[in-house]
Each structure stands twice: as C-alpha cells, then as structure tokens.
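# Attaching a predicted model along with its sequence, questions to come.
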Amino acid sequence: MGDLMPKQLKNIYAYWMVIPCFVIYGLFFLLPSMMGFGFSFLNIRNFEFSAASFAGLQNYINVFTDSYLNIAIKNSFIFAFVTTALKVVFGMLLAVFLNNKLRTTNFLRTVFFLPAVLSSVAVGIIFTAIMHPTRGIMNVFLDTIGLDVFAQHWLTNPQIAIFSVAFIEVWKWTGFTMVILLAGLQTIPESYYEAAEIDGATAWMKFKYVTFPLIMPAFTNAMVVNLIGGLKAFDIVQSVTQGGPGSATEVFGTLVYKSFGSGRYGEGSAASIILCIVVLLVVLPVYKFLSTKEVEM
C-alpha cells in the first residue's frame with residue numbers, strides 16, 4: 001500500500017496540472033475558433049454586434065466571388081511551395097554543416113537563427129530599402145560589379161514581386177528550419193556512422209542511407225510547419241508590398257486582412273475559415289505521406 005501511494009499522488013497531481021491546460025486551451029483557442037465560425041454566418045460591420053443580422057452563406061459567397069480570390073490562391077500556393085522547398089533545402093545544408101564540431105559552431109548557429117527572432121515588420125522595411133529599384137543596396141551592388149543586367153525592379157515588377165517576397169521569407173526562417181533539423185541530427189547515435197564507415201560508405205551514402213531516413217520525423221515537422229506558415233503568409237507580404245503592385249503579391253492572408261480592415265467582420269471570419277480548411281486539405285495529406293516514411297532507431 002505504501003508503494004502505491006506515491007504513484008496515486010503523482011496521478012492526482014498530473015490530473016490537476018491538466019485542468020489548467022484545458023482551461024487555457026478552451027479560452028484562447030476553442031472559444032475564439034467557435035466565435036469566429038459563428039461570426040462567419042452573420043452580417044457584422046464596424047463592431048456593431050448589436051445590429052448583427054443572420055447572413056447565411058452570403059459571406060462565403062462574397063469570398064468565393066471576390067475578383068482577387070483566384071490570384072490570392074495562386075500566389076499563396078506559389079509562396080508556400082517555393083518558400084517551403086528553399087527553407088528545407090537550405091536548412092538541411094546548414095544543419096548538416098553545423099552538426100560538425102567547429103570552433104565557431106555555436107556562433108554560426110546563433111547568426112543563422114537570429115533572423116527568426118527579428119520583427120517581420122522590421123525585416124520588411126529593411127528589405128524594402130535593400131530592394132529599391134534605384135537606391136537599393138542589391139541593385140547598386142550588381143551595378144558596381146558590372147552585373148547591372150541582373151538588376152531588377154524586385155518589388156514593383158508584377159512578374160517577380162511574389163518571388164522577391166518569398167526570398168525575404170526564406171532569409172528570415174531558414175535558420176528556424178535549421179534548428180528543427182539540427183535537433184533531429186543530434187539524436188542519431190555516432191555508432192551508426194562508424195558502422196557505415198566500416199562498410200566503406202561515402203559521405204553521400206551516409207547521408208542517403210543513415211542521416212536522412214533517421215531525421216524523417218524532424219524533416220516532417222519542418223515541412224509541415226513551413227507549409228502552414230507559407231499558406232498563412234501575411235506579415236512579410238503586408239509589410240513589404242501590401243499585396244501590390246496591383247494584386248501581384250495578393251495572398252489569402254491579405255484578403256482576410258482587407259475584409260477585417262474595411263469593417264466586414266463576417267466576411268473576414270468566413271475567409272479565415274476557408275483558409276483553415278485549405279491549410280488542412282494541403283497539410284494533412286503531406287503529413288500522412290511523410291509520416292509513413294519514418295523509421296525507428
């Protein structure tokens with residue numbers, strides 16, 4: 001009986017610790033989500049909740065008939081897939097490199113991760129100056145080294161603006177992806193590599209048959225997190241181009257913002273619900289596919 005008491009007390013303590021978690025989760029996630037879903041069926045303008053009226057599916061119809069919707073969806077998918085691919089590739093290269101024991105390893109890890117903690121608005125303002133068509137550092141540098149032929153109107157040319165903004169997103173979050181993958185790399189026992197060396201494996205073979213299969217859980221997390229972030233993109237786009245020039249960088253997040261910004265709260269809520277569904281439809285199959293490739297150590 002004496003041996004059972006500590007275990008029982010631990011269980012009671014665990015239950016009491018779970019209750020506050022559920023309360024916080026309910027107050028700050030479930031309740032707002034349910035309210036947002038309810039608002040999507042109401043006609044609410046300028047915080048006049050007392051004058052709200054039932055709109056049925058009209059808010060959803062307004063979103064689907066928005067003239068910018070197709071452009072926003074296309075740009076959101078371009079932005080999400082381009083940034084996810086580049087962040088994962090560059091993050092993997094940095095993680096593999098910084099997994100080695102170098103004198104400057106900790107310093108370099110900090111340097112590459114630092115952009116992730118910077119304000120998106122500050123990053124947007126800085127890169128708006130860097131990519132200015134005439135006075136920006138990027139074009140001035142290209143002109144100085146004789147490569148002015150590559151100088152572009154990075155943020156004002158509708159053909160490349162979405163890719164320029166995607167580059168800023170990649171710069172900011174590659175270090176964060178590196179940390180996720182680096183955590184996965186550090187869980188791999190050194191004995192696996194020693195066995196591969198005995199078998200005569202090259203560096204590429206060790207990566208292909210040892211490293212990559214064993215970091216699949218971290219790789220899956222990196223892919224899912226970046227896909228979600230890409231599809232929900234807003235802060236970088238809004239701070240750099242506000243969806244312009246014209247609608248060249250309009251994404252779903254800026255559509256939602258404009259709905260709320262113009263006082264159409266029901267329509268903004270409907271757009272948010274649609275965005276949530278789109279993210280789930282894209283991310284869940286990707287997660288399911290990648291999770292089947294994971295192996296156990």
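Structure received.
# So residue 173 versus residue 254, what's the distance?
Distance of residue 173 to residue 254, computed by C-beta to C-beta, to the nearest Å: 19 Å. C-beta: built from backbone N, CA, C; applies to glycine.
# Low-confidence regions, the stretch 151-297 of the chain specifically.
Applying pLDDT under 70 to the stretch 151-297 of the chain picks out residues 296-297.
# hey, where'd the helices end up in it?
161-185, 190-198, 203-206, 212-214, 216-231, 235-240, 252-261, 265-291 (DSSP state H, counting those that start in this stretch).
# Present these as a markdown table; the columns should include distance to residue 63 and mean neighbour count.
Listed next are the helices of the stretch 151-297 of the chain as a markdown table, based on distance: least, C-beta to C-beta, whole Å; neighbours: other C-beta atoms under 10 Å:
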| stretch | distance to residue 63 | mean neighbour count |
| --- | --- | --- |
| helix 161-185 | 21 | 22 |
| helix 190-198 | 51 | 12 |
| helix 203-206 | 48 | 12 |
| helix 212-214 | 40 | 17 |
| helix 216-231 | 16 | 21 |
| helix 235-240 | 18 | 23 |
| helix 252-261 | 8 | 21 |
| helix 265-291 | 5 | 18 |
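# Including distance to residue 82, could the ones you listed go into CSV?
Compiled in CSV, the helices of the stretch 151-297 of the chain are given as follows (distance: least, C-beta to C-beta, whole Å):
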stretch, distance to residue 82
helix 161-185, 5
helix 190-198, 33
helix 203-206, 26
helix 212-214, 22
helix 216-231, 8
helix 235-240, 13
helix 252-261, 16
helix 265-291, 14
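# Contacts only, for the closest residue to residue 94 other than its chain neighbours.
Nearest residue to residue 94 in three dimensions, chain neighbours excluded: residue 178, at 4.3 Å (C-beta to C-beta, 6 or more residues apart in numbering). Residue 178 makes contact with 90, 91, 94, 95, 98, 109, 112, 113 under the criterion C-beta atoms under 8 Å, 6 or more residues apart in numbering.
# again, only this time at 6 Å
Contact partners of residue 178, counting by C-beta atoms under 6 Å, 6 or more residues apart in numbering, are 91, 94, 95, 112.
# Is the last one located within a strand, as I assumed?
When you say that, I think you mean residue 112. No - going by DSSP: H, G, I helix; E, B strand; the rest coil, the assignment for residue 112 is helix, not a strand.
# Quick check: it touching residue 176?
No - in this structure, residue 112 is not within contact of residue 176 by C-beta atoms under 6 Å, at 9.4 Å.
# I figured residue 245 was touching residue 155, is that so?
No - the pair residue 245 / residue 155 is not scored as a contact, 7.8 Å apart, by C-beta under 6 Å.
# quick one, which of these two is more surrounded?
residue 155 (23 against 14; other C-beta atoms under 10 Å).
# List the contacts of that one.
131, 161, 164, 241.
# Any idea which residue is closest to the centre of this structure?
Nearest to the mean C-alpha position of the chain, by C-alpha atoms, centre = their mean, lies residue 229 at 2.1 Å.
# Any figure for the gap between that residue and residue 255?
17 Å.
# What of residue 175?
29 Å.
# quick one: which of the contacts of residue 155 is nearest to residue 291?
residue 164 (33.6 Å; C-beta to C-beta).
# buried set for stretch 65-85?
In terms of neighbour count (16 or more other C-beta atoms under 10 Å), stretch 65-85 has its buried residues at 66, 68-69, 71-73, 75-84.
# can you tell me the average pLDDT over that stretch?
Across stretch 65-85, pLDDT averages out at 93.
# which outside residues touch it?
By C-beta under 6 Å, 6+ apart, stretch 65-85 touches 162, 166, 169-170, 226-227, 230-231, 233, 247, 250-252, 255.
# okay, among those residues, which ones form the most distant pair?
For those, with distances taken as C-beta to C-beta, the pair at the greatest spread is 226 and 247 (24.4 Å).
# Just name the closest of the contacts of residue 178 to residue 122, please.
Among the contacts of residue 178, and counting by C-beta to C-beta, the member closest to residue 122 is residue 112, at 17.9 Å.
# In space, what's closest to the closest one - neighbours in sequence excluded?
residue 175 (4.1 Å).
# go on, residue 84?
Residue 84 sits nearest to residue 226 (C-beta to C-beta, 6+ apart), 4.2 Å away.
# what separates the lengthiest helix in the chain from the chain centre, distance-wise?
Looking across the chain with DSSP state H, the single longest helix is helix 69-98. The gap between where helix 69-98 is centred and where its chain is centred comes out at 9 Å by C-alpha atoms, centre = their mean, to the nearest Å.
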